[in-house]
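Student: Here is the input, now give the coordinates:
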Amino acid sequence: MSNKDSSQITNESAMLKAALIPTVIVGIGCLALFSLFKGINGFYGALVAQFVVVVFFLVHLLVSKLSRNIDPMATMALALFSYVTKLTVIGSFLIILDKFTPEETIDRNSFGISAIALTAAWLGGEIKGYLSLKTHLPLPPKQKDETSTEESQ
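Tutor: Alright, predicted model coming up:
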């Protein structure tokens, strides 16, 4: 494997690892907390929230990896398409969950609070992972400003 390939894998792996660690910690905390206060339906609510949040953000990282070497306009189109698709699928999932799952099975409050906490944990970890990559855009070379040098003389 060449250095170029290993750096691409490292970037994606670093982002995934940085996001998963806090998400798993918060997820375990949510499972324990809602199991304690809401029982088995709180546990199921927190568990379903973990599934939804992790799948949503894993798709984001997959799209990022797939669009690495394509045209920027195609990357934007792919990102927008994946975002709309994810929102549609998650919205449909939530409607199905609400209509066909009794509240005695999956606690809605446990689901909602867990989903918000897990989202915050994932995004915080992903931001931390991205900042640790130290990827910077190259700046254009500085040009000598002839007017300022003439004025100073």
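Student: Would you confirm that Ile106 contacts Asn41?
Tutor: Yes: Ile106 is within contact range of Asn41, at 6.0 Å (criterion: Cβ atoms under 8 Å). Placement of C-beta: from N, CA and C, glycine included.
Student: can you pull out the helices in this structure?
Tutor: 3-38, 40-66, 72-100, 108-133, 146-152 (DSSP state H).
Student: Need those in TSV (columns: mean neighbour count).
Tutor: Formatted as TSV, those follow (neighbours: other Cβ atoms under 10 Å):
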stretch	mean neighbour count
helix 3-38	16
helix 40-66	19
helix 72-100	12
helix 108-133	18
helix 146-152	8
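Student: I'd like those as a markdown table, with mean pLDDT and distance to Pro140 appended.
Tutor: Shown next, in a markdown table, are the helices of the chain (pLDDT from 0 to 100; distance: least, Cβ to Cβ, whole Å):
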| stretch | mean pLDDT | distance to Pro140 |
| --- | --- | --- |
| helix 3-38 | 82 | 24 |
| helix 40-66 | 90 | 26 |
| helix 72-100 | 89 | 18 |
| helix 108-133 | 92 | 22 |
| helix 146-152 | 55 | 17 |
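Student: OK, contacts around the residue positioned nearest the centre of the chain?
Tutor: The residue lying closest to the centre of the chain (Cα atoms, centre = their mean) is Phe57, at 3.8 Å. Contact analysis of Phe57 by Cβ atoms under 8 Å, 6 or more residues apart in numbering lists 19, 122, 126.
Student: Can you give me every residue that contacts the second one?
Tutor: With contact set as Cβ under 8 Å, 6+ apart, Trp122 has these partners: 19, 22-23, 53-54, 57.
Student: Surely Glu104 touches Asn41?
Tutor: Yes: taking Cβ under 8 Å as the definition, Glu104 is a contact partner of Asn41 at 6.0 Å.
Student: Thanks a lot, see you next time.
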